[in-house]
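# Sequence below, structure please.
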Amino acid sequence: MRLARGLAVISVPSMWLAAQCAQAHFVPAQGAGFAAGAAHPFLGLDHLAAMFAVGLWSAQLGGKALWRVPATFVVMMAVGTGLAYGGVGLPSAETGIAASLLVLGLLIASAARLHEAAGMLLVGVFALFHGHVHGAELPEAADPLAYAVGFLASTATLHTLGLLSGVALRGRGGWLLRALGAVIAGGGLILLAG
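The predicted model follows:
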């Protein structure tokens, strides 16, 4: 358990540093397949933090929400990607992404316990925005299916890291977990204001 807590404490700063070292939302046009798609969620701090936050909040909710909330996000993210790839617009997608950080961060910070169905609906709406942006950024030379499978796999990985971190941090009052939520909410507020 000490190892899990230690990993949780270093995972957010490590992911932040990795995102800062990468060029956000850059995907090479040539040969963009699974690997490029898998890297994409790690290249933008907004996506990275949101995916991680879904896992953290799922850990707080517990029960079947541990897997249902992240699974809903992945499925609806695929739907959002399909909409973008099909040319269907989604207004204010970047605002929706910023709002997802603010709302998920506030839910974590306040340890809010929504009903599982409400939680699934909420993350599903946010996932549409994230998926739409991923689909809209699909490089012209990319293999769309391989690229999408790559970023959906990375999304699930980030959810899992958040979930494991959240489970490790929710004991002892969960103050560090709530503090991470406040940081995520602050990031969303900055994006909305900027």
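# Helices of the protein, start to end?
All helices of the chain, identified by DSSP state H, fall at 2-21, 34-43, 45-61, 65-85, 93-109, 116-136, 144-169, 175-193.
# packing partners for the fifth one?
It refers to helix 93-109. helix 45-61, helix 116-136, helix 175-193 (3 or more Cβ pairs under 8 Å, 6 or more residues apart in numbering; DSSP states H and E). C-betas here are computed from N, CA, C, even on glycine.
# Out of these, which is the most enclosed?
Across the helices and strands packed on helix 93-109, averaging neighbours per residue (mean count of other Cβ atoms under 10 Å) puts helix 45-61 on top, at a mean of 26.
# if we can go back for a sec, is it possible to export the helices of the chain to CSV including mean pLDDT?
Shown next, in CSV, are the helices of the chain (pLDDT from 0 to 100):
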stretch, mean pLDDT
helix 2-21, 40
helix 34-43, 88
helix 45-61, 95
helix 65-85, 95
helix 93-109, 96
helix 116-136, 94
helix 144-169, 93
helix 175-193, 95
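# Nearest spatial neighbour of the residue most central in space within the chain, chain-adjacent residues omitted?
Most central in the chain under Cα atoms, centre = their mean is residue 51, positioned 1.5 Å from the mean C-alpha point. Nearest residue to residue 51, sequence neighbours excluded (Cβ to Cβ, 6 or more residues apart in numbering): residue 158, at 3.5 Å.
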